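**Student:** no sequence on hand, only this structure:
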């Protein structure tokens, strides 16, 4: 039997306002996990709801703090389940357990499946962010297209709760956007977010010849692999300039800021 693995999966969605999604996500992750792996899905409140850089920054700070909490509670890995990966590098520098990002892991996996990657995000506002991600991850020339569903987080909840018409509306909108991207040369389609991936990246899904990547499954399996490799070989991130380990003092000051707020 495999050694047990505990994964803290950090969503940027409010669990009370998106109960059906959290139930589906938790069930899917734990059903697809290898024997001995347990995934705890955690949310944020207030969630990532006002799409833009400032909200991403706020949520990133909370996610980093939760990575520190996961390490204190003895989790084996921290999965950042938000495609934009805000706070990913900072969290990686703050803890010794593996920290794996939904966007980073998925983009690198997609790059093994085709040469031209198209992202279909929740909202067009993330176009620039996704292109910055591609640049940051060394995939600038591989991410050829970015489109946005023009949806809100709340638009997905009825579909996860069993509303077939709501599900079909999102599926139709996804294909409406994805088909022209494939016609224009994209050969891999990535629903850029855990919400659309869980709902729309069905088993074996394709748009014409282009596979649709299930980023939720990719992050789960990459996180499990990161834990296994860490245990097997001691492999972990560079502690040189890329992800230098944060000092105890830096961590204490960061957590104090979140606990008490500004004093001056």
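**Tutor:** Okay, I see it. Bear in mind that the values here come from a model prediction, so they are computed numbers and not experimental data. Numbering: from 1, shown residues only.

**Student:** show the pLDDT at the closest residue in space to residue 239 that isn't next to it in sequence.
**Tutor:** Distances taken as C-beta to C-beta, 6 or more residues apart in numbering place residue 245 nearest to residue 239, at 5.2 Å, with adjacent residues excluded. Bear in mind the C-beta positions are built from the backbone N, C-alpha and C, glycine included. Per-residue pLDDT puts residue 245 at 96.

**Student:** surely residue 245 is within a helix?
**Tutor:** No - counting by DSSP: H, G, I helix; E, B strand; the rest coil, residue 245 is not part of a helix but coil.

**Student:** going along the chain, name the strands of the stretch 51-200 of the chain.
**Tutor:** Secondary structure of the stretch 51-200 of the chain (DSSP state E, counting those that start in this stretch): strands at 77-80, 99-101, 117-121, 143-148, 188-192.

**Student:** out of the ones you listed, which gets nearest to residue 25?
**Tutor:** strand 77-80 (11.3 Å; C-beta to C-beta).

**Student:** may I have the strands that pair with the closest one, each with its orientation?
**Tutor:** Here strand 77-80 is paired, per DSSP bridges, with strand 5-10 (parallel), strand 99-101 (parallel).

**Student:** can you name the residues in contact with the last one?
**Tutor:** It stands for strand 99-101. Outside strand 99-101, the residues that touch it by C-beta atoms under 8 Å, 6 or more residues apart in numbering are 67, 77-80, 85, 88, 91-92, 219, 222-223, 226, 237.

**Student:** nearest residue to residue 167 in space, ignoring adjacent ones along the chain?
**Tutor:** The spatially closest residue to residue 167, leaving aside those adjacent along the chain, is residue 159, at 3.9 Å (C-beta to C-beta, 6+ apart).

**Student:** surely the one you found meets residue 172?
**Tutor:** No - Residue 159 is beyond contact range of residue 172, at 11.8 Å (criterion: C-beta atoms under 8 Å).

**Student:** stretch 160-176: how far from the chain's middle?
**Tutor:** The chain centroid and the centroid of stretch 160-176 are separated by 21 Å under C-alpha atoms, centre = their mean, to the nearest Å.

**Student:** so which bits of that stretch are buried?
**Tutor:** Using 16 or more other C-beta atoms under 10 Å as the test for burial, stretch 160-176 gives 160, 166-167, 170-171, 173-175.

**Student:** for that stretch, give me every contacting residue.
**Tutor:** Outside stretch 160-176, the residues that reach it (C-beta under 8 Å, 6+ apart) are 18, 20-21, 23-24, 120, 149-151, 155-156, 158-159, 191, 196, 198-200, 207.

**Student:** quick check: beta-bridge partners of residue 79?
**Tutor:** residue 9, residue 100.

**Student:** gap between it and residue 29?
**Tutor:** 9 Å (C-beta to C-beta, to the nearest Å).

**Student:** overlap in contacts, those two.
**Tutor:** Both residue 79 and residue 29 are contacted by 9, 39, 220, under the criterion C-beta under 8 Å, 6+ apart.

**Student:** are we agreed that the second one is in a strand?
**Tutor:** Put plainly, it is residue 39. Yes - counting by three-state DSSP, residue 39 falls inside a strand.

**Student:** just give the number of residues close to the residue nearest to residue 239.
**Tutor:** 14 (other C-beta atoms under 10 Å).

**Student:** would you list the phi and psi of it?
**Tutor:** Here is the backbone geometry of residue 245 (degrees, to the nearest 10): phi -70, psi 130.

**Student:** residues contacting it?
**Tutor:** Per C-beta under 8 Å, 6+ apart, neighbours of residue 245: 93-94, 96, 239.

**Student:** look up how far residue 227 lies from it.
**Tutor:** The gap separating residue 245 from residue 227 is 19 Å, by C-beta to C-beta.

**Student:** so which residues of this protein form helices?
**Tutor:** 19-32, 53-72, 88-94, 102-110, 127-136, 157-160, 164-183, 194-200, 215-233, 248-260 (DSSP state H).
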